[in-house]
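Student: Dropping the sequence and predicted coords here.
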Amino acid sequence: MNREFPTQADVVIVGSGPAGAAYARILSEQSPDANVVMFEVGPLLADPPGIHVKNLPGDARARAQRLSEGPAPRDGASTDTMKGYADASQRLVRPGTFLLPDGYRMPGEDGLPGAAMSSNVGGMGAHWTGACPRPGGKERVDFIDDLDELLSEGERLLGVDDRVFEGAPYSAQVRERLAELLDSERPANRHVAPMPLAVRRQQDGGLVWSGSDVVFGEPTRSNPRFTLIPEALVARVRHEHGQVTGVIVRDQRDCTEHTVDAPVVVVAADALRTPQILWASNVRPHALGRWLNDQPQSVYAVRLRDVESHADVDHDSTEIVPESGVNWVPYTDDDPFHGQVMQLDASPVKLASDDAPKPGTIVGLGWFCAKDLQESDRVEFDDAQLDGYGMPAMRIHYRLTDDDHSMIQRSRQAMMRAAAALGEPLDDRDPLTFAPGASLHYQGTVRMGQVDDGTSVCGPTSEVWGVAGLFVAGNGVIPTAIACNPTLTSVALAVHGARSIAANITSTKG
Ligand code: FAD
């Protein structure tokens, strides 16, 4: 970590979330001779760089959340609580994230009122819930032959474990009830299962959440040729004659601008800001910003039937409740929803006032749909209006189609059916469907394609069509309509891209 801005690097990485960190890790492992510089617009929160805020004690966590909230952080202490999540707010905002101040909905459209970002070392990966399911069926990118091996590598980098809540008393009961209802209807590899989570349990029982620090790992931290520079905004990627030549980066501390030469630039600045940087750099392929999609999400809660209470549970906590763990109802093409059960912070339903008698027996369900992909759903950029960072302001065009509305209805019914197998509703309220954008899983804006036919921004290794050496990373690269949490898939695709850069460096230097 230093403040010296280099004038040259072998690889520049923009953004320090899990996708950018995956590039840093693979390059540190496979190209230890390469000089790699990572620029991150947000501040360093704590040591090690990229640490998940849930691993920090209360006050430090609240401070880190505020520091992550972009150009206009909220006032006050931690909002690390379930309160307010069930009020059907159009603009639900999670701690450590910030919403688009404007441009999130065009007249007559649905928009993405919940669209949010994080600006800090570690990106949203310092605030996430860590659910890492593998995609299935049509969710998978079918032109990537070795996708399963890449997903395994992604699991290694993120420290994914599906046994972390193995001993949780209610977890097996929840799973058995769901399995009895659903498994006979689905392929064996998509049975109800414990949710794979990027979480590690320590000897003393405490949980350690994976952030980018885990993805960086020791190979990156001990790499003398790797440099991370926080509070540094990449304003433009430079390119000439179809080849990347470097970046223009602005020091957020003193507003000085620096020119860095580099033959390879990876833009991993989230699914909204990655296309923003390309746009500002005059890299504007037809598909840029288009095919934007977010996963419509509905939540519900039940009281588990016929179970005994085990322990006191703080329902205001965002910790996954140790009594119940997290269970997973995987997406299938016939039942195209991703279901999470017991992950209270992902299924934030207000709890009934009489919850006290049996703490730990309330089950939260969250069902996510795949969007009906449309080229017209897009983020555009307004060169005449600047955002809080001085970048072209975002304008979101987004509509739910008739198919989306019927899928949302189907997902609510599927969730109610699962809920009925588990227990009784807390009250007579219907499931809550969040406003678009609230899933925080935005995809498609720099999508990958097999060929350059105008419907994609990059090829299978994430290199942008027509600009050699320019790579894009993160959820925006995912070309399919996926319902499952996307980060594992993005990290897997980042591994693929990073390996191709490493192979190129080796062949050039060798
Ligand atoms: P990010 O993590 O968003 O990182 C992008 C980084 O780029 C940011 O740090 C940003 O500051 C930086 N940047 C942007 N512009 C610039 C610029 N011009 N110059 C320099 N730097 C720039 N996903 C799951 O898969 N499972 C979950 O269970 C899950 N739960 C979530 C729960 C919450 C509360 C939140 C907030 C998110 C959750 N997510 C989950 C989403 C997950 O965090 C993201 O999918 C993931 O972090 C994306 O990684 P990324 O590296 O592509 O982008």
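Tutor: Right, received. Where do you want to start? Small disclaimer: the values here were computed from a predicted structure and weren't measured.

Student: how about the residues of the chain that lie near the ligand?
Tutor: Listed as neighbours of the ligand in the chain under the rule Cβ under 6 Å from any ligand atom: 14-20, 39-42, 94, 97, 118-120, 123-125, 127-131, 233-234, 268-270, 273, 277, 440, 474-475, 485-487, 490. In short, each C-beta sits where N, CA and C put it, glycine included.

Student: give me that answer again for 5 Å
Tutor: With the criterion set to Cβ under 5 Å from any ligand atom, the chain comes near the ligand through 14-15, 17-19, 39-42, 94, 119, 123-125, 127-129, 131, 233-234, 269-270, 273, 440, 474, 485, 487.

Student: Can you flag which of these belong to helices?
Tutor: Counted as lying in helices by DSSP state H, out of those, are 18, 19, 270, 273, 487.

Student: tell me the two of the residues you listed that are most distant?
Tutor: 273 and 487 (16.2 Å; Cβ to Cβ).

Student: still on that earlier bit, which of the ones in helices among the residues of the chain next to the ligand lies closest to residue 191?
Tutor: Using Cβ to Cβ, residue 487 comes nearest to residue 191 of those, at 22.5 Å.

Student: which residues does the closest residue to the closest one other than its chain neighbours contact?
Tutor: Excluding its sequence neighbours, the residue lying closest to residue 487 (Cβ to Cβ, 6 or more residues apart in numbering) is residue 18, at 5.6 Å. Contact analysis of residue 18 by Cβ atoms under 8 Å, 6 or more residues apart in numbering lists 123, 125, 157, 158, 211, 212, 215, 487, 490, 491.

Student: Check these against residue 254 and report the nearest one.
Tutor: Of all the contacts of residue 18, residue 254 sits closest to residue 123, with 23.4 Å by Cβ to Cβ.

Student: I'd like the distance between that closest one and residue 51.
Tutor: Residue 123 is 12 Å from residue 51, where distance means Cβ to Cβ, to the nearest Å.

Student: Which of the two has more residues huddled nearby?
Tutor: Neighbours were tallied for residue 123 and for residue 51 using other Cβ atoms under 10 Å; the higher tally belongs to residue 123 (30 against 24).

Student: Can you check the pLDDT for that one?
Tutor: Per-residue pLDDT puts residue 123 at 98.

Student: ok, it touching residue 271?
Tutor: No: taking contacts as Cβ atoms under 8 Å, residue 123 lies outside contact range of residue 271: 11.2 Å.

Student: what about the helices in the stretch 301-450 of the chain?
Tutor: In the stretch 301-450 of the chain, the helices defined using DSSP state H, counting those that start in this stretch lie at 402-422.

Student: Please, where are all the strands along it?
Tutor: 327-329, 337-341, 362-369, 378-386, 392-397, 423-425, 432-433 (DSSP state E, counting those that start in this stretch).

Student: what about the stretch 251-400 of the chain, any weak spots by pLDDT?
Tutor: In the predicted model, the stretch 251-400 of the chain carries pLDDT under 70 at residues 309-324, 343-360.

Student: do that again at 90, thanks
Tutor: 301-304, 306-326, 342-364 (pLDDT under 90).

Student: start to end distance for stretch 203-220?
Tutor: The straight-line separation of the ends of stretch 203-220 (Cα to Cα, to the nearest Å) is 26 Å.

Student: Run through who's touching that stretch.
Tutor: Residues outside stretch 203-220 that contact it (Cβ under 8 Å, 6+ apart): 16-18, 20-22, 24-25, 28-29, 48-55, 121-123, 125-126, 130, 157-160, 164, 198-202, 226, 319-320, 491.

Student: buried set for that stretch?
Tutor: Within stretch 203-220, the residues that count as buried by 16 or more other Cβ atoms under 10 Å are 207-217, 219-220.

Student: Widest-spaced pair of those?
Tutor: The most widely separated members of the buried residues of stretch 203-220, counting by Cβ to Cβ, are 207 and 219 (24.0 Å).

Student: if we can go back for a sec, for the residue nearest to residue 487, give its distance to residue 279.
Tutor: Computed as Cβ to Cβ, the residue 18 to residue 279 distance reads 23 Å.

Student: what does residue 257 give?
Tutor: Distance, residue 257 to residue 279, by Cβ to Cβ: 19 Å.

Student: quick revisit: from the contacts of stretch 203-220, keep the buried residues only.
Tutor: 16-18, 20-22, 24-25, 28, 48-55, 121-123, 125-126, 130, 157-160, 164, 198-201, 226, 320, 491.

Student: Show me what residue of the stretch 401-510 of the chain gets nearest to the ligand.
Tutor: The nearest approach of the stretch 401-510 of the chain to the ligand comes at residue 474, 2.7 Å away (Cβ to the nearest ligand atom).

Student: er, the stretch 101-250 of the chain I mean
Tutor: residue 123 (2.3 Å).

Student: distance of that residue from residue 13?
Tutor: 12 Å.

Student: cool, residue 276 as well?
Tutor: Distance, residue 276 to residue 13, by Cβ to Cβ: 17 Å.

Student: For those two, indicate the residue with more neighbours.
Tutor: It is residue 13, of residue 276 and residue 13, that has more neighbours when counted by other Cβ under 10 Å, with 31 against 23.

Student: need the contact list for the more buried one.
Tutor: Per Cβ under 8 Å, 6+ apart, neighbours of residue 13: 20, 23, 24, 36, 37, 38, 39, 265, 266, 268.

Student: Now render those residues as CSV, adding distance to residue 332.
Tutor: Formatted as CSV, these follow (distance: Cβ to Cβ, whole Å):
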residue, distance to residue 332
20, 32
23, 32
24, 35
36, 40
37, 43
38, 38
39, 41
265, 38
266, 33
268, 30
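
Student: Please identify, among those residues, the one with the most neighbours.
Tutor: residue 266 (33 neighbours).

Student: Might one say that that one is in contact with residue 473?
Tutor: Yes: here residue 266 reaches residue 473: they are 5.8 Å apart, a contact under Cβ under 8 Å.

Student: what do those two both touch?
Tutor: Shared contacts of residue 266 and residue 473 (Cβ under 8 Å, 6+ apart): 20, 23, 497.

Student: how near is the second one to residue 95?
Tutor: The one in question is residue 23. Distance from residue 23 to residue 95, by Cβ to Cβ: 27 Å.

Student: likewise residue 208?
Tutor: For residue 208, the distance to residue 95 (Cβ to Cβ) stands at 19 Å.

Student: cool, residue 220 as well?
Tutor: Residue 220 is 27 Å from residue 95, by Cβ to Cβ.

Student: again with residue 150
Tutor: Distance from residue 150 to residue 95, counting by Cβ to Cβ: 32 Å.

Student: Can you give me the buried ones in stretch 216-236?
Tutor: 216-217, 219-221, 223, 225-236.

Student: dump the residue contacts of residue 243.
Tutor: Per Cβ under 8 Å, 6+ apart, neighbours of residue 243: 263, 467, 468, 469.

Student: Now the last one. Nearest residue, chain neighbours left out?
Tutor: Looking back up the chat, that one is residue 469. Residue 469 sits nearest to residue 244 (Cβ to Cβ, 6+ apart), 3.7 Å away.

Student: Surely that neighbour touches residue 472?
Tutor: No: judged on Cβ under 8 Å, residue 244 makes no contact with residue 472 at a distance of 11.7 Å.

Student: Tell me which of those two has more neighbours.
Tutor: Per other Cβ under 10 Å, whichever of residue 244 and residue 472 has more neighbours is residue 472, with 32 against 25.

Student: what's across from that one in the sheet?
Tutor: Per DSSP bridges, the residues bridged to residue 472 are residue 267.

Student: Contacts for stretch 494-505, please.
Tutor: Contact with stretch 494-505 is made by 10-11, 19-20, 22-23, 25-27, 30-31, 33-34, 144, 146, 150, 153-154, 157, 264, 266, 268, 460-463, 471, 473-474, as judged by Cβ under 8 Å, 6+ apart.
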